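[1] predicted structure and sequence below. I'll ask about it afterward.
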Amino acid sequence: MPEDQTRLDLDNVAYNYILNKSTGLYSCKTCDHESENKEEIEKHVLTHEEKFECETCKEIFYNAYKYSLHVKKHDETSTKFKCPLCSYTTSRRTSIAQHINMIHLQKYLYYCQFCGKGFSDALMYREHENIHMGAGPLSCVVCQKTFSFTRNLVQHQVRFHKASILGIEVKNQCGICKRSYSKASTLENHMKVHDRNIPKPKIHLCDTCGKGFAQKNKLILHNRVHTGYKPYKCGYCVKSFTKKEYLVMHERVHSGEKPYCCIYCGKCFNQDASLRVHMRTHTGEKPYVCHLCSKGFVSSASLKIHLSKCAG
């Protein structure tokens, strides 16, 4: 295959090298190779790319994601995208792209020109570079606490001072949980959560233990606890589960997929609950409060450990 045709398959080739603006050199992210010429560095990074050949049409790809999309086109009966680097499969195109980039290639959309740190969020990337350039930190208009990123500052002011980024009082406060929001539309969406939490009559009763459920499908799932029926089997090991979402979370242990990423530091998790707890380390939110000493914690597990030792 001609080399110029090969490069057409590498729409993500720029991920594999970085331009250091201070030296004017292109640096390979895989090894220590540097070059002043962009075309030369693009040819060099090809030596690190794994080649994939389609068994059906013999077309060659140097991009794992594009190869995965291509293979699926040949199999019209399949609803899954298959990772060519491991046994991971998914029905979502975005998930296979994220899996390949995050797990195998460790790629980000933006890289700091000074320290090389990767970011998937454009604002986080720009504000990170401001730190290297000596830009001053962002300061809270109420308590003067400083932050490196705008999102941290906004969340701090809204949640702790009921103030927006400009220091204006936020009037969009939930009358039930007292949480404040910068926009009325966000508060309106939040109120729907409370509407869903209004208890409904539990008319569907379990014949074995008598436990009641508001929905019939919840009773069906509950009955599997008594029957031991686990229809959702792991494709990697012998484990099986009563609910499909339990299987999805379990298989991420095998595949390495971590679809829930922190908008502040880029750290990823395989469960959304783990991400929510982690985010509180950035925002400072501590919703679990000890009733003995009023100390706050980011998770219920941390509170339980504290309660076993708290002297009041």
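    Cool, the structure landed. Residues are numbered from 1 along each chain as shown.

[2] what helix or strand is the nearest residue to I41 once chain neighbours are set aside located in?
    The shortest distance from I41 to any non-neighbouring residue, by Cβ to Cβ, 6 or more residues apart in numbering, is to Y26 (4.0 Å). All C-beta atoms are positioned from the backbone trio N, CA, C, and that covers glycine. According to DSSP states H and E, Y26 maps onto strand 25-28.

[3] contacting residues for the residue sitting furthest away from the middle of the chain?
    Distance from the centre of the chain peaks at D207, with 40.9 Å (Cα atoms, centre = their mean). Remark: with contacts taken as Cβ atoms under 8 Å, 6 or more residues apart in numbering, D207 is in contact with nothing.

[4] got it, and S78?
    K72.

[5] now it: how far from S87?
    From S78 over to S87 the distance is 15 Å, taken as Cβ to Cβ, to the nearest Å.

[6] show me how this protein divides into domains.
    204-255, 260-307 (automatic domain parsing).

[7] just those: most buried one?
    domain 260-307 (a mean of 15; mean count of other Cβ atoms under 10 Å).

[8] so how far is that domain from its chain's centroid?
    16 Å (Cα atoms, centre = their mean, to the nearest Å).

[9] give me the mean pLDDT for that domain.
    Confidence over domain 260-307 (mean pLDDT, whole number) is 84.

[10] and the residue farthest from the centre of the chain, how far from H222?
    Counting by Cβ to Cβ, the gap from D207 to H222 is 11 Å.

[11] and what of Y260?
    From Y260 over to H222 (counting by Cβ to Cβ), the distance is 27 Å.

[12] then K72?
    Remark: distance between K72 and H222 (Cβ to Cβ) = 37 Å.

[13] go on, K66?
    Plainly put, K66 is 45 Å away from H222 if you go by Cβ to Cβ.

[14] same question, C261
    Plainly put, C261 is 33 Å away from H222 if you go by Cβ to Cβ.

[15] and for F149?
    Counting by Cβ to Cβ, the separation of F149 from H222 is 44 Å.

[16] repeat that for V45.
    54 Å.

[17] and the helices in this protein?
    3-7, 38-45, 64-74, 93-99, 122-132, 150-161, 184-196, 216-227, 244-255, 272-283, 300-307 (DSSP state H).
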